[in-house]
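**Student:** test case, fold it:
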Amino acid sequence: MNQNSVSGVSAAETAPPGTKPSAVYGGVKRALDLVFAVLALIAAGIPMLIIALIIRLDTRGSAIFTQTRIGRNGKAFACYKFRTMRADAPPSMAKKELENADAFITRTGRTLRNTSLDELPQLFNIIRGDMSFIGPRPLIPEEKKVHKLRDKYGVYQLRPGISGYAQVHGRDLITDEEKAELDRYYLEHFSLKTDVKILFGTVLKVIKEEDIHQGAVETESTGEKK
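**Tutor:** Numbering: from 1, shown residues only. Next up, the predicted model:
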């Protein structure tokens, strides 16, 4: 991958192989995640209930679905999201591999995806310790190519995040190789400064609705409670 074309990072800026994330910042990051996730859940509780009601009125099926994702140290966990697709969407498939993916996205789901509100239930994942606010996005097990590259680069030393470095440098419109390289860059620059930059970059992306391709996110029916 040409990093300059995606992340603006030259090879000279990357850390040597075998990079280990700071244990000190890792502890601080976990504490901050826990505090802000609890506060966010309190603040977003009523809006989340309203969203859940709208989803149930818009389409059949549960408002929240669970799906197996791969997390820290390569361990699988149940990831929570608001359902944005019809209940009959094909299971266990990256939507970029699904023909006519847009046809499976509900009216409410399109809005939730564009605003990233479908990620709100992942506050529970943060509290449980499965995820962080910032980190590499958790993938479904079937995305073997990216898993192999992440494992090679040591990315699975980190908790996955609701948003990450790849999400502010191309999001749904970059290749698997580019995603893995951006995840690697995040590992090699693991710090509060990097997380703050990603946080503000994420807010800007959501406001501008940039780099969103509706057919680039995995389907939802695996593990869904109907």
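
**Student:** so what does the most centrally placed residue in the chain look like in phi/psi?
**Tutor:** Geometric centre of the chain, nearest residue: residue 137, 3.5 Å, by C-alpha atoms, centre = their mean. Note on residue 137: its backbone torsions stand at phi -60, psi 130 [degrees, to the nearest 10].

**Student:** now swap in residue 67 and tell me
**Tutor:** The phi/psi pair for residue 67 (degrees, to the nearest 10) is phi -140, psi 140.

**Student:** so it sits against residue 76, correct?
**Tutor:** No: using C-beta atoms under 8 Å, residue 67 is not in contact with residue 76; the gap is 10.3 Å. Where you see a C-beta, it was placed from the backbone N, CA and C, and this is true even at glycine.

**Student:** who has more neighbours, these two?
**Tutor:** Neighbours per residue, other C-beta atoms under 10 Å: of residue 67 and residue 76, the larger number sits with residue 67, 21 against 13.

**Student:** what's the pLDDT at that one?
**Tutor:** Listed pLDDT for residue 67 reads 90.

**Student:** measure it to residue 197 for me?
**Tutor:** 29 Å (C-beta to C-beta, to the nearest Å).

**Student:** and the spatially closest residue to residue 192 that is not a sequence neighbour, its phi and psi?
**Tutor:** The shortest distance from residue 192 to any non-neighbouring residue, by C-beta to C-beta, 6 or more residues apart in numbering, is to residue 25 (6.5 Å). Dihedral pair for residue 25: phi -70, psi -30, per degrees, to the nearest 10.

**Student:** where does pLDDT dip in the protein?
**Tutor:** Counting by pLDDT under 70, the ranges of the chain that qualify are 1-18, 89-102, 171-172, 210-226.

**Student:** which parts of stretch 42-57 are buried?
**Tutor:** Within stretch 42-57, the residues that count as buried by 16 or more other C-beta atoms under 10 Å are 48, 51-52, 54-55.

**Student:** assign a three-state SS to residue 77, would you?
**Tutor:** strand (DSSP: H, G, I helix; E, B strand; the rest coil).
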